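Engineer: task: produce atomic coordinates for the following.
(2 chains)
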Amino acid sequence: MEIAIPDIPTRLRTGFNAGLQTAWKLVKYVVPLYLLVELLKGTGLLDTLGTLFAPTMALFGLPGETALAFLAAGLLNLYAALAILVPLQLEPWQVTQCGLMMGIAHNLLLEGGVLRSTGTRAGLLTLARILLAIFAGLLYRGLHSMGIF
Amino acid sequence: MEAVGLALLGALKLSLKLVVIVVPLVMAFEVLRYLPFFRRAARLSNPLMRGVGLSPAAAVPLFTGIFLGIAYGAGIIIRVAQEQQLDKRELFLMGLFLATCHAVVEDTLIFVVIGGDGVAMLGLRLLLACGLTALLAHWWKHPRTIDAKPDRLQP
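Structural biologist: Numbering: from 1, shown residues only, chains lettered A, B, ... in the order given. Got it, this is the predicted structure:
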């Protein structure tokens, strides 16, 4: 696959533009979601949601409120999840836990579509991602409680 | 009203932090991507590739996906799949690896920004993706073994 190689200034410009495009995409999610969570914290709705999901999220050593971030990660992307996580003020190892699990399973609808377009079995792959994220979460929780990481 | 102002300030601070990371990262990649590094990395990783059941033909799309992400890498994956006759098995194995482990630099960095441990996130993710793909590659070669443990594929 030999492609003509552009010069450095062109590459810098392409990179800058692509970077700004990504940055804009992320600001679009981060600002409204961050605002939403900050304001929901005052209403008690977040607490209700947190109590509801507390038993499930406790398996991974996370507070129930993080369920909302996982939902955002799965349906939208990691930036949306990040915007929800930051106002929750987690411990560092809990941030790592979220980063690990969400890093494996995120943006499932869009990326599932992309995987399908390569001609492979996207549904099975998406299922594998979710299961692996759960496994990774349990594993990291275990390693953390053993004092590793 | 004050609460809204504070929340907005927090949101903008987080946005700025992310922009400061993402823009230089994408620029750096755009400058470096034409270096022979990727090809050399692909050659060095040959034994590892064989371990997860992939041929050298899968190296370029695999590495593009690992560093750039699926959405960005899909164009290359589709082209290589057609040009270099990756069979269904190899395409699925590559898909499995990439589905669980892609865009690792950016994904990891944004969580490091908010206080995560980059080594733990990246290390465990790579380890699990390699392990899962290698396991499946192993089973797929021996159909009888697949029958013995179908629960791992269709839980």
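
Engineer: scan chain A for its longest helix.
Structural biologist: helix A:8-40 (DSSP state H).

Engineer: quick one: contacts for the closest residue to residue A:14 other than its chain neighbours?
Structural biologist: Excluding the flanking residues, the one nearest residue A:14 by CB to CB, 6 or more residues apart in numbering or on different chains is residue B:30, at 5.2 Å. (Glycine included, C-beta is placed from N, CA and C.) Contacts for residue B:30 (CB atoms under 8 Å, 6 or more residues apart in numbering or on different chains) come out as A:11-12, A:14-15, A:18.

Engineer: residue B:30 in helix, strand or coil?
Structural biologist: helix (DSSP: H, G, I helix; E, B strand; the rest coil).

Engineer: for residue A:39, see how far away it is.
Structural biologist: Between residue B:30 and residue A:39 the computed distance is 38 Å (CB to CB, to the nearest Å).

Engineer: find the residue at the geometric middle of chain B.
Structural biologist: Closest to where the C-alpha atoms of chain B average out (CA atoms, centre = their mean) is residue B:102, at 1.9 Å.

Engineer: now do the SS call for it.
Structural biologist: Under the three-state scheme (three-state DSSP), residue B:102 adopts coil.

Engineer: residue A:101 and residue A:67: what is the separation?
Structural biologist: In terms of CB to CB, residue A:101 sits 12 Å off from residue A:67.

Engineer: who has more neighbours out of the two?
Structural biologist: residue A:101 (27 against 18; other CB atoms under 10 Å in any protein chain shown).

Engineer: I'd say that one and residue A:70 touch.
Structural biologist: Yes - using CB atoms under 8 Å, residue A:101 makes contact with residue A:70 at a distance of 7.5 Å.

Engineer: quick one on the thing from earlier: does anything pack onto the longest helix of chain A? Which helices or strands?
Structural biologist: helix A:78-85, helix B:2-32 (3 or more CB pairs under 8 Å, 6 or more residues apart in numbering or on different chains; DSSP states H and E).
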